[in-house]
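Trainee: using only what follows, build the 3D model:
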Amino acid sequence: MLKKFYDIIPPKKSDFLEENKKHKDKDKELEIQPVFKKRTYFLKILFLCVFVFILIGLVGFFLFSEVKIEIWPKKENLIFREIITVDLKTENIDFDNNIIKGQLLDNEQSLTQKFSASGKTIKEEKAKGIITVYNAYSTSSRILIPSRFVSSGGKLFWSTEKITLPGARYEKGKLVPGEKNVEVEAAESGEEYNIEPTTFALPALAGTALYTKIYAESFSAMSGGFKGEVAQITQSDLNQAQTVLTEKLKQGSLEFLKTKILDNFILLEQAVIHEISDVNSSQEFGSIGESFDLEAKIKSKTIVFEKSDIESLVKNHLNLELDGNQKIQEESLEISYFFKKIDLDSGKLVLDLEAKAKAYQILDLNELKKALLGKPIDEAKLFLDNLSELERVELKSWFFLKRRISEDMDKLELKFNLD
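Mentor: Down below sits the predicted model:
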């Protein structure tokens, strides 16, 4: 197919340049549009922030137009030190002589406790028992001085006393030996002498006709033989036990006295007088044994007083130090009692007393509010700072919108702080 002329002839230069310019303008326009959009978005955000800020300010101005003022008064430290007497014979508080009334408390208790022995000693005991001695030699009685008896196992025992051995007798033509029960004791200490029932011979009769005719026999075992280390009660054990028991009695009596007082009363532990009596031990010093019982009694007495009486006395003295425009801050009052001495015979308890408190100037808040109404904020702050009665001032308001205190007393909150 034959091409036409205009198909092979290139476009004119002018047409090409025009077309190229259009494309460049279009690209530039596309670049400008995002920047414009960003600036428009930023202006909208800025306008919105300014609007909200103004709106908040207007709302705060109308809804939060109240001014809040907090004030703290200047305080003065007060100290009162004096000797106080608690007297059982006093009915009312004697402010001039620093005497308050007291009440007597007493209590009696007893206690028994078991304690362990700490001492050690060597114990030696000889076995003992009863044997029956027979006389089959003659019908005449025989006297045996404390004699030796040897068991069939070779253990040696001694009779503990002189023996009158009855003579034998004939019954139906048969000789019946005379007999006598005799207490014997082992020649040596030790458990090996705790032998079972057996027969005994008298070594002193060996080699004579009497040896087989006078003899003995036991029907129960020997007992009590021992040799070894055992527990022993020492004087230290007794002393320590008494100390422990005394402390327990004192503590128990003190706790009981505390349960007898009312909540408003004060009991000083140092003012309790204890008397220990009737201390008895079930075992004496040096006794053999693993433990012993100790018993003791206690009598306790003291004088107590009412907390409110002390406070009244202290406040009376502190109030004498105040001028007409001062008042004691109740929460700051601190009272300490220190035991000095007690005399139950005279019925008096003596205390060293120390009290501390803070006093502040009394302010008429209504008059102060009236003085602040309508004042500019700065002037009100300066006015309050210059009051000698005040230690500190805090003023809160919408300062950037509200520059003056309202004339309405309800729009001014005045708070008096003591903390």
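
Trainee: touching, Glu354 and Ser336? I think so.
Mentor: Yes - the pair Glu354 / Ser336 is scored as a contact, 4.8 Å apart, by CB atoms under 8 Å. C-beta coordinates here come from the backbone N, C-alpha and C atoms, glycine included.

Trainee: these two: who's more crowded?
Mentor: More crowded of Glu354 and Ser336, by other CB atoms under 10 Å: Glu354, with 15 against 11.

Trainee: what about the more buried one, which helix or strand?
Mentor: Secondary structure assignment for Glu354, by DSSP states H and E: strand 348-361.

Trainee: ditto for Ala241
Mentor: Residue-wise, Ala241 maps onto helix 235-260 under DSSP H and E.

Trainee: and the strand holding Glu354, what's buried?
Mentor: By neighbour count on 16 or more other CB atoms under 10 Å, the buried set for strand 348-361 is Lys348, Leu349, Leu351, Leu353, Ala355, Lys356, Ala357, Lys358, Ala359, Tyr360, Gln361.

Trainee: residues touching Leu148, list them.
Mentor: Let me fix one detail, which is that residue 148 is Arg and not Leu. Taking CB atoms under 8 Å, 6 or more residues apart in numbering, we find Arg148 in contact with Leu156, Phe157, Trp158, Ala187, Leu202, Pro203, Ala204.

Trainee: okay, and the beta partners of it?
Mentor: Beta-bridge partners of Arg148, counted by DSSP bridges, are Trp158.

Trainee: state the distance from it to Phe115.
Mentor: 44 Å (CB to CB, to the nearest Å).

Trainee: kindly report the same for Ala127.
Mentor: Taking CB to CB as the measure, Ala127 falls 31 Å from Phe115.

Trainee: neighbour count for the two, which is higher?
Mentor: Taking neighbours as other CB under 10 Å, Ala127 and Phe115 compare with Ala127 leading, 24 against 20.

Trainee: tell me the contacts of the closest residue to that one other than its chain neighbours?
Mentor: Using CB to CB, 6 or more residues apart in numbering and skipping residues adjacent in sequence, the residue nearest Ala127 is Gly225, 3.2 Å away. Contact partners of Gly225, counting by CB under 8 Å, 6+ apart, are Glu125, Lys126, Ala127, Ala186, Ser189, Gly190, Glu191, Glu192, Tyr193, Asn194.

Trainee: would you map the helices across this structure?
Mentor: Along the chain, counting by DSSP state H, helices occupy 5-8, 13-63, 235-260, 307-320, 365-372, 377-385.

Trainee: least reliable of these going by mean pLDDT?
Mentor: If the helices of the chain are sorted by mean pLDDT, helix 5-8 sits at the bottom with a mean of 38.

Trainee: outline the domain layout of this structure.
Mentor: Here the domain parsing of the chain from automatic domain parsing is 5-61, 105-119+231-301, 122-229.

Trainee: of these, which approaches Glu391 most closely?
Mentor: domain 5-61 (30.1 Å; CB to CB).

Trainee: wait, what's in contact with Tyr360?
Mentor: Pro73, Lys74, Lys75, Glu76, Gln326, Lys327, Gln329, Leu418.

Trainee: how many neighbours does the nearest residue to it once chain neighbours are set aside have?
Mentor: Leaving out its chain neighbours, the residue that sits closest to Tyr360 by CB to CB, 6+ apart is Pro73, at 4.1 Å. If you count neighbours by other CB under 10 Å, Pro73 ends up with 22.
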